[in-house]
Every structure is written in C-alpha cells, then in structure tokens.
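got a predicted model here, sequence first, then my questions.
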Amino acid sequence: MKQTCLSILILSSFFTVASAATKLNGLKDKLNSHSSKIVKLGAQIKSLEKSLTKKNSEYLERLNRLKKFQAKVDELMVDLKARQEEISEERQKLKMAAQTYILEKNDEEDDDSLISRVLLEDQIEHKLAILNDMQKENDSLVEVISQYSAKLNQVKEEEDMLYNLILSLEEQKKETSKEYITNLELKNQLEEKLEAQLAQKKAIAKNKKVEGANIDLDFNIILPIKKFSDYKGSKEGVTFKYDSTEPLIACANGQVEYAGELASYGKVIILKHGKDIRSVILGEIKSKVQKGQQVRQGQIIGYTIASPGTKKSLYYEIRKKNKVQNTLAWLKSKNSNLL
C-alpha cells in the first residue's frame with residue numbers, strides 16, 4: 001500500500017514538472033512568434049515610411065509643376081484677351097473704313113472722289129491684311145493655350161493619383177503600426193509571464209540561503225539603479241528590468257577604472273572600490289564619468305537608454321580579486337528591504 005502511494009506521488013510530481021515545462025515551452029514559442037512578427041512589422045513600417053517620403057517629394061514636385069503650368073496658362077489667357085480686344089478694335093476700324101468707302105462710291109465720280117476711293121481701298125486692304133495676321137497669331141496662341149491646358153490637366157491627374165497613393169500608404173502605415181504595437185504589448189506580457197514562471201520554478205533555490213557567498217560585511221553597498229520593474233539574480237550577476245530613462249548610481253565610493261565599449265558586450269562602467277572589489281554595470285547606457293575619475297556612493301554616473309513600450313535589461317555584478325561574486329547575496333546583505 002505504501003509502495004503504491006509512493007508511486008502515485010512520484011507520478012504526480014513527474015506530471016507536474018512535465019506540465020510546467022510544457023507551459024514554459026509554450027510561452028517561449030509564443031514569445032518567439034511575436035518577436036518575429038515585431039521584426040517583420042518594423043521592417044514593413046520602415047519600408048512604408050521610405051515610400052511615403054519618396055511619394056511626398058514627388059507630390060510636392062507635381063504641385064510646383066502644376067503652379068507653373070497654371071501661371072503660364074493664366075499669362076497666355078491674359079495675352080489672348082488683349083489680342084482679341086485689339087482684333088475687335090481693328091475690325092471696328094475696318095468696318096468704319098468700309099462704310100466710308102461705300103459712301104464715297106455712291107457720290108458723283110470726279111478726280112477727287114476717285115483718288116479718295118483708291119486711298120480707302122488701299123487702307124481697307126492694309127487693315128484687312130493686318131487683321132488676318134493678327135487672327136493667325138491669335139489662332140496660334142489658342143493652340144499653345146490648348147497644349148498647356150492639356151499638360152495642366154495631365155499634371156492634375158498625376159497629382160490626384162499621387163495624393164490618393166499617399167493616403168493609401170498612410171492608412172497602411174497606420175494599420176501596420178497598430179499591429180506592431182499590439183504585438184509589442186503581447187510580447188511584453190509574455191515576457192512577464194515567462195519570467196514569473198521561471199521565478200516560480202526557481203523560488204526554492206532563490207529563497208535558499210546561499211552558502212559560501214564570501215560576502216564582505218564591511219563593504220557598504222547600495223543598488224546601482226533606484227527605479228526598476230523587476231530583477232533576476234543568478235549565481236553571478238543581477239539583471240534589472242526597466243522601461244524608462246533612469247539614473248545609474250555609484251554603489252560605493254571608488255574610482256572609475258573603465259567607461260565605454262567593451263568588445264561585443266556593449267556599454268560598460270567598471271568601478272574600483274578597494275579591497276580588490278570592483279562593480280560592473282553593463283547594458284544600453286550613457287556614461288557620465290571618465291576613466292580615473294573619483295566617485296562618491298550615490299553619485300549619478302550615467303543613465304539608462306529607454307525605448308517607449310519596451311522593457312530593457314541592465315546587468316550588474318560584483319567582482320573580488322577578479323572573480324565574480326554572488327552579487328544578489330551581496331546586495332541583499334545591505335538592501336534586503338529593497339529586493
């Protein structure tokens with residue numbers, strides 16, 4: 001009977017562990033899926049922004065061409081109106097000359113009237129020739145205006161098409177951005193769930209007193225960052241989660257040993273505190289100190305770099321004689337109320 005109960009307990013424990021592992025794997029798969037979507041959507045948004053920039057430039061160019069063609073058509077129309085008025089005036093003069101000619105012709109013929117009629121005939125022919133030339137010029141001008149008007153209409157059509165295309169691209173960008181934000185929020189939620197599952201899985205190990213931590217109880221240490229949403233400690237360093245720009249604090253008095261890039265790890269600040277103790281801050285940070293500079297405990301030595309809607313990580317570790325210590329145990333020894 002006892003053996004049967006023991007077997008049941010073992011099987012129950014096995015299925016519980018298997019179920020927890022399945023949940024963790026499921027969360028990881030979902031997280032990877034949303035991360036992949038975020039990368040693709042981000043690329044789509046960049047592509048749409050590039051297209052929008054190009055199309056907006058083309059649209060502005062079309063507007064400038066439209067203004068130029070419109071100005072030219074307006075100018076030609078003014079010229080056409082002036083020419084039409086001039087033709088009308090010349091027609092009136094020709095009409096008056098014709099009337100005078102008819103009157104002269106009805107008078108008794110003498111030498112003076114014959115001379116007058118010949119002069120009038122010459123005047124009428126001259127005015128008629130001028131009128132014909134002006135009409136030809138006017139017809140040519142009408143043709144030019146017609147050509148410019150056709151170009152104007154073509155540019156207007158191109159401008160309308162570009163405008164509609166820009167509206168369509170803006171709508172696509174809007175919808176893609178919504179989907180990007182939705183996936184980003186889901187990713188953050190999944191990260192929190194995954195971290196909670198991992199924290200639950202390691203709860204016993206975390207709560208268990210660490211043996212052989214080699215903590216220097218005389219070393220007064222404070223947290224490197226005051227505001228954070230969560231933290232996770234390993235046998236070595238501590239990872240703090242943050243989602244806003246926060247000041248980085250010198251955990252103790254000391255001297256800046258290094259501040260800058262470190263191989264492929266990113267931005268790093270290393271402080272020497274004496275007794276062969278060093279503290280290391282690593283992550284997306286902006287340093288405010290330089291190598292060799294003396295710092296006080298609590299002094300701001302830099303800032304985290306944040307991105308809206310994204311949780312980022314800040315890694316922190318303590319080293320003694322160039323060996324990584326159990327940083328979480330060191331911090332808890334002096335900051336148990338904060339961790």
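On my side now, so go ahead.

which stretches of the chain form helices?
Remark: helices assigned in the chain by DSSP state H are 2-106, 111-201, 203-207, 327-335.

let me see the contact set for K235.
N326 (C-beta atoms under 8 Å, 6 or more residues apart in numbering). To be clear about C-beta, it is placed using only N, CA and C from the backbone, and glycine gets the same treatment.

then L248?
Per C-beta under 8 Å, 6+ apart, neighbours of L248: 224-225, 269, 281, 285, 300-304, 314.

can you tell me the closest non-neighbouring residue to it?
Spatial nearest neighbour of L248, excluding adjacent residues (C-beta to C-beta, 6 or more residues apart in numbering): G302 at 4.1 Å.

show the pLDDT at the one you found.
Note for G302: predicted pLDDT of 96.

count of neighbours near it?
When neighbours are counted by other C-beta atoms under 10 Å, G302 registers 21.

now do it against N32, distance only.
Distance of G302 to N32, given as C-beta to C-beta, to the nearest Å: 32 Å.

between the contacts of L248, which is nearest Q294?
I301 (11.3 Å; C-beta to C-beta).

nearest residue to that closest one in space, please, no chain neighbours.
Nearest non-adjacent residue to I301, counting by C-beta to C-beta, 6+ apart: V289, 4.7 Å away.

residue contacts, that neighbour?
Taking C-beta under 8 Å, 6+ apart, we find V289 in contact with 256, 259, 269, 295, 301-302.

what do you get if the cut-off is 6 Å, keeping everything else the same?
With contacts defined as C-beta atoms under 6 Å, 6 or more residues apart in numbering, V289 is in contact with 256, 259, 301.

just curious, which of those residues is nearest to Y242?
Nearest to Y242, judged by C-beta to C-beta, of the contacts of V289 is I301 at 15.8 Å.

what about the closest one, neighbour count?
For I301, the neighbour count with other C-beta under 10 Å is 22.

repeat for L190
By other C-beta under 10 Å, the residues close to L190 number 20.

wait, it sits on S33?
No: the criterion here is C-beta atoms under 6 Å, and L190 misses it with S33 at 9.2 Å.

show me what contacts L262?
Listed by C-beta under 6 Å, 6+ apart, the contact set of L262 reads V268.

and the residue nearest to I301, how far is that from E257?
11 Å.

same check, this time on L328
22 Å.

swap in T245?
From T245 to E257 the distance is 25 Å (C-beta to C-beta).

S333 too?
23 Å.

report how many residues lie close to Q99.
If we define neighbours as other C-beta under 10 Å, then Q99 has 10 of them.

and the pLDDT for it?
Q99 is assigned 71 on the pLDDT scale.

quick one: low-confidence ranges for the stretch 151-300 of the chain?
By pLDDT under 70, the low-scoring segments of the stretch 151-300 of the chain are 203-214, 216-217, 264-265.

neighbour-wise, which of L328 and E257 wins?
Higher neighbour count among L328 and E257: L328, with 23 against 15, using other C-beta under 10 Å.
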